[in-house]
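Asker: Okay, structure incoming, though there's no sequence with it:
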């Protein structure tokens, strides 16, 4: 069984550690490196794993190293590890905006998987886009997929630039739904509901609709049409959404997110 080291022990790393343990990975096969002594103590107590203050010490003997640090310090972290990596080790980066080419240059290493998870991973309902560099073996791809699937699901990308689209759709996506729920609650209050009731109605509706979408063989369009009776209340609302350019707004918003993702990648590369 692979030995896995996390460099950085923030929320996403913590989620992955919890997911791996829940799926049967022994705690003895997982360790984490973290500069904060307080955070190290929390992680060690919560998951019963070994923790380190030193990244190099944490990586000794690891089969898989997961880089879970902020993009701003990624180069520094990678260059400090470069001299001790072996060709057999797999590097997985969950940092936004850092290309595999940059990671390969800083690490002097080729077996790299780059992924874009999203925050529902914190409740084991995430989705991640994965891209593997050419040197990554089939077994290593399977190992990376197993790790990310411990907190949800994953999809493989054929081109690295598709990470920008993944960022726009799913990486930033939860915030779009939170914004919609915010607006529904506010509208419910304006229509005479108290805030608690409006919030409960909107949240459970979002949860139920999401489960229907995931569990039904029907498409989102078909499910929407089932709810939309001719000349009914839903049709009145949908028509108003569309008259305001709903589809165009969504398209423009996601394009802006993808463009910003590409800009950040360029910034970190420079």
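Answerer: Thanks, I have the structure now. Quantities reported herein were computed from a predicted structural model and do not represent experimental measurements.
Asker: Now for residue 12: which residues touch it?
Answerer: 68, 94, 117, 121, 122 (CB atoms under 8 Å, 6 or more residues apart in numbering). Where you see a C-beta, it was placed from the backbone N, CA and C, and this is true even at glycine.
Asker: for residue 239, that is, sorry about that
Answerer: Per CB under 8 Å, 6+ apart, neighbours of residue 239: none.
Asker: ok, residue 151 touching residue 117?
Answerer: Yes: under the criterion of CB atoms under 8 Å, residue 151 makes contact with residue 117 at 7.3 Å.
Asker: Next, the buried residues of stretch 102-118.
Answerer: Under the neighbour-count criterion of 16 or more other CB atoms under 10 Å, stretch 102-118 has 102-104, 106-107, 109, 111-118 buried.
Asker: Closest one of the contacts of residue 12 to residue 46?
Answerer: For these, the residue nearest residue 46 by CB to CB is residue 122; the value is 13.8 Å.
Asker: you'd agree the closest one is up against residue 11?
Answerer: Yes: between residue 122 and residue 11 there is a contact under CB under 8 Å: 6.1 Å.
Asker: ok, those two, which is more surrounded?
Answerer: The neighbour count for residue 122 versus residue 11, taken as other CB atoms under 10 Å, is higher for residue 122 (17 against 11).
Asker: one step back: pull up the overlap in contacts between residue 151 and residue 117.
Answerer: Listed as contacting both residue 151 and residue 117 by CB under 8 Å, 6+ apart are residue 126.
Asker: circling back: can you add pLDDT and give the contacts of residue 12 back as CSV?
Answerer: Formatted as CSV, those follow (pLDDT from 0 to 100):
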residue, pLDDT
68, 96
94, 94
117, 95
121, 94
122, 92
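Asker: Pipe these into CSV and attach secondary structure and distance to residue 237 per row.
Answerer: Shown next, in CSV, are those (DSSP: H, G, I helix; E, B strand; the rest coil; distance: CB to CB, whole Å):
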residue, secondary structure, distance to residue 237
68, coil, 41
94, coil, 38
117, coil, 33
121, helix, 32
122, helix, 31
